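In: Give me a model of this one.
(one chain, ligands or ions: 1)
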Amino acid sequence: MPKLNANILIIEDDEDVLYTAKLVLKQRFGEVHTETDPKRLPRLLEKTAFDVILLDMNFSHGQTSGNEGLFWLREILKLDSQAHVIMNTAYGDIQLAVEAMKIGAIDFLVKPWEREKLIATVENVFQLSRSKKEVQKLKSREKVITGDIDKAFPDMISRSDVMAPVFEAIEKVAKTDANVLILGENGTGKELVAREIYRQSLRAKEPFIKVDLGSLAESLFESELFGHKKGAFTDAKEDRQGRLEIASGGTLFLDEIGNLTTTQQSKLLTVLQARQVTPIGSNRPVDIDIRLISATNIQLDQVIESGEFRQDLLYRINTVEITLPPLRSRTGDVALLAEHYLNLYASKYNKRQLSLNKSALKKLDQYPWPGNIRELQHTMERAVIMADATELTADDFPLDKKPQPSLVNEVLQKDEMEKQLIQKAIKKWEGNLTKAADEMGMGRTTLYRKMKKYGF
Ligand SMILES: Nc1ncnc2c1ncn2[C@@H]1O[C@H](COP(=O)(O)OP(=O)(O)OP(=O)(O)O)[C@@H](O)[C@H]1O
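Out: The predicted structure follows:
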C-alpha cells in the first residue's frame with residue numbers, strides 16, 4: 001500500500017513508546033515527527049503544519065491527572081485553530097477523553113496502543129483533516145471564481161496569417177507547465193489567449209485564478225496574493241487564503257504584470273523561486289504548485305533597461321513569450337470580427353435583419369483601431385443599438401470624428417472614465433475605500449456597488 005502524504009506529530013514523554021509509535025506509523029504515513037517535550041510545541045507549530053497531532057495526557061513524572069494534556073491541547077488550538085489532535089489516554093480515563101473532545105480534540109486512543117487501531121485512528125483523522133482543507137480551499141475558490149461565471153469567454157476568431165504563430169504557440173505550450181508571458185496592446189485578446197492556454201492545458205479541470213495587478217492597491221498586494229492570518233493587521237478579521245494558494249494545483253493569471261513596483265516584483269520573485277508562500281502574520285510557508293500565465297501591454301525590454309522591471313523576474317515568467325499583433329496588422333480580421341459582433345449584438349438587441357454594407361466595411365477596415373478588438377466590439381455594439389435601418393453604412397460609424405454625443409456612447413465613455421477614476425482613487429488611498437469614496441464624493445456602499453459593476 002503506498003504511503004499517505006501526511007505529516008504526523010507525536011508528543012509523548014516515554015521514549016520507548018515514542019519509538020514504537022514512530023516505527024508503526026512510518027509504515028503508513030510519509031512523515032512522522034516525534035517530540036518528548038511539549039514546551040517545544042509552540043516553536044514546532046510555528047514552522048510546520050502537521051496534519052495530525054498525537055498528544056499524551058501526562059508529561060511530568062508522577063502526574064496522572066491529565067491536566068497537562070488538556071493544557072497543551074488548548075495551547076495547540078490557540079496556535080492553530082485547525083489542528084487535528086488525537087489524545088492518548090490511559091485505560092479508564094474516558095472522562096478525561098470526553099473533556100478533551102469538548103475542548104476540541106478530534107479523537108482519542110487508549111494506551112497501550114494496538115498497532116492496527118493506532119494506524120486506523122490516525123488515518124481517519126488525517127482523511128478528515130484533508131477533507132476539511134479541501135472544503136476550505138473550494139470555498140475560497142468559489143468566492144474568487146463566481147465573478148467569472150456569468151462572463152462568456154468566446155473562442156478566438158482570426159483568419160489572418162499573422163495570428164497563425166500565435167495559435168501554434170498556444171497549442172504547443174498549453175500541454176506543458178511552462179510559464180507564459182503574453183504581450184500585446186490593450187484589447188488584443190491577452191486574457192483570451194491566457195484562458196485558451198488554460199482550456200487546452202492538463203490543468204483545465206483545476207481553477208483559473210485571475211489577479212488584475214493594474215487595479216490592485218499597493219497595500220492590498222501582499223494580502224491578496226499571499227493571504228493573511230487573523231489579526232495580522234487591523235482589518236484581518238479572519239484567516240484568508242491568498243490567490244497563489246487558491247490557485248495551487250491550477251493556473252494563475254497575473255494581468256498587467258508590468259505595473260508592479262520593484263518591491264512587489266521582489267516579493268513575487270521570492271515566492272516563485274521558493275514555490276512557497278507565507279501568509280502575512282504567519283511563519284509557516286505553504287507549498288504552492290501553480291502554472292503561471294502573465295500579461296502586459298508594456299514593452300518590458302524598455303522598462304528593464306530603465307531599471308523599472310527586474311530582469312530575473314522576467315526570466316521566471318517568460319519561459320515562453322507570445323506576442324499578439326495589433327488588430328490593424330491582422331489582415332482580414334476586422335471584417336470577420338465585425339460580422340461576428342454584428343450577429344452577436346443584432347441577436348442580443350433583437351435586430352436580426354441588420355447587415356453591414358460595403359462602405360461600412362471599408363471604413364472599419366481602414367480605421368487603425370488603437371483599442372483593438374475591444375474597441376471594435378464596443379463600436380459594433382453601439383452601432384447596432386443606434387441603428388434605425390436594416391443596413392449599417394459608413395455614417396453609422398463615426399470613427400474618424402470625435403465620438404458622437406449619443407446616449408450609449410456617453411454611457412460607455414462615462415463608464416470607462418468612472419472606472420479609471422475609481423481605480424486611481426483606490427490606488428492613491430492604498431485600498432482605503434472610505435477615503436477613496438470620500439474623494440469621489442460618493443458613499444462607501446455606492447463605491448462597493450460600482451467596484452462590483454466594473455469587476456474589481
Ligand atoms: N481573436 C478574438 N476573437 C474574438 N474576440 C476577441 C479576440 N481577441 C479579443 N477578443 C475580445 O476582445 C475583448 C478584449 O480582449 P481581452 O480582454 O482578452 O484583451 P486584453 O489584451 O487582455 O486587454 P487589456 O490589455 O485591456 O487587459 C474581449 O471581449 C475579448 O473577448
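
In: Enumerate the sheet neighbours of the helix or strand hosting Val110, specifying parallel or antiparallel for every one.
Out: Assigned by DSSP states H and E, Val110 falls within strand 107-111. When pairs are called by DSSP bridges, strand 107-111 turns out to pair with strand 85-90 (parallel).

In: how about the strand it pairs with: buried residues?
Out: Val85, Ile86, Met87, Asn88, Thr89 (16 or more other Cβ atoms under 10 Å). Placement of C-beta: from N, CA and C, glycine included.

In: Next: stretch 427-446.
Out: By 16+ other Cβ under 10 Å, the buried positions in stretch 427-446 come out as Lys427, Trp429, Gly431, Asn432, Leu433, Ala436, Ala437, Met440, Met442.

In: What count of nearby residues applies to the residue of the chain found nearest the ligand?
Out: Nearest to the ligand in the chain, going by Cβ to the nearest ligand atom, is Gly189, at a distance of 2.6 Å. By other Cβ atoms under 10 Å, 23 other residues sit near Gly189.

In: That one contacts Met156, doesn't it?
Out: Yes. Applying Cβ atoms under 8 Å, one finds Gly189 in contact with Met156, separated by 6.3 Å.

In: Quick check: phi and psi on the nearest residue to Ser160 once chain neighbours are set aside?
Out: Distances taken as Cβ to Cβ, 6 or more residues apart in numbering place Arg330 nearest to Ser160, at 3.8 Å, with adjacent residues excluded. Main-chain torsions, Arg330, degrees, to the nearest 10: phi -100, psi 90.

In: cool, Glu321 as well?
Out: According to degrees, to the nearest 10, Glu321 has phi -110, psi 130.

In: what do you get for Pro368?
Out: Torsion angles at Pro368 (phi, psi; degrees, to the nearest 10) stand at phi -80, psi -10.

In: OK, contacts around it?
Out: Arg328 (Cβ atoms under 8 Å, 6 or more residues apart in numbering).

In: So for the longest helix seen in the chain, what gets flagged as buried?
Out: Ranked by residue count under DSSP state H, the longest helix found in the chain is helix 115-149. Buried residues in helix 115-149, counted by 16+ other Cβ under 10 Å: 118-119, 121-123, 125-126, 129-130, 137, 140-141, 144.

In: Give me the mean pLDDT for that helix.
Out: Mean pLDDT, computed over helix 115-149, is 84.

In: immediately after the helix or strand of the chain with the lowest mean pLDDT, which helix or strand?
Out: Within the chain, no helix or strand scores below helix 407-428, which has a mean of 71 by mean pLDDT, DSSP states H and E. Proceeding N to C from helix 407-428, the next assigned helix or strand is helix 433-439, under DSSP H and E.

In: Show me what that next one is packed up against.
Out: helix 407-428, helix 444-453 (3 or more Cβ pairs under 8 Å, 6 or more residues apart in numbering; DSSP states H and E).

In: Counting by contacts, list what the shortest one packs against.
Out: This means helix 444-453. Using 3+ Cβ pairs under 8 Å, 6+ apart, helix 444-453 is in contact with helix 407-428, helix 433-439.

In: Same list (those) but as CSV, adding distance to the ligand.
Out: Shown next, in CSV, are the helices and strands packed on helix 444-453 (distance: least, Cβ to the nearest ligand atom, whole Å):
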stretch, distance to the ligand
helix 407-428, 11
helix 433-439, 22
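
In: how about the ones you listed in JSON lines, adding distance to Asn5?
Out: JSON lines is the format used below for the helices and strands packed on helix 444-453 (distance: least, Cβ to Cβ, whole Å):
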{"stretch": "helix 407-428", "distance to Asn5": "41"}
{"stretch": "helix 433-439", "distance to Asn5": "41"}
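
In: how distant is the helix or strand containing Leu220 from the center of its chain?
Out: Element membership of Leu220 [criterion: DSSP H and E] is helix 218-226. Its chain's average C-alpha position is 12 Å from that of helix 218-226, according to Cα atoms, centre = their mean, to the nearest Å.
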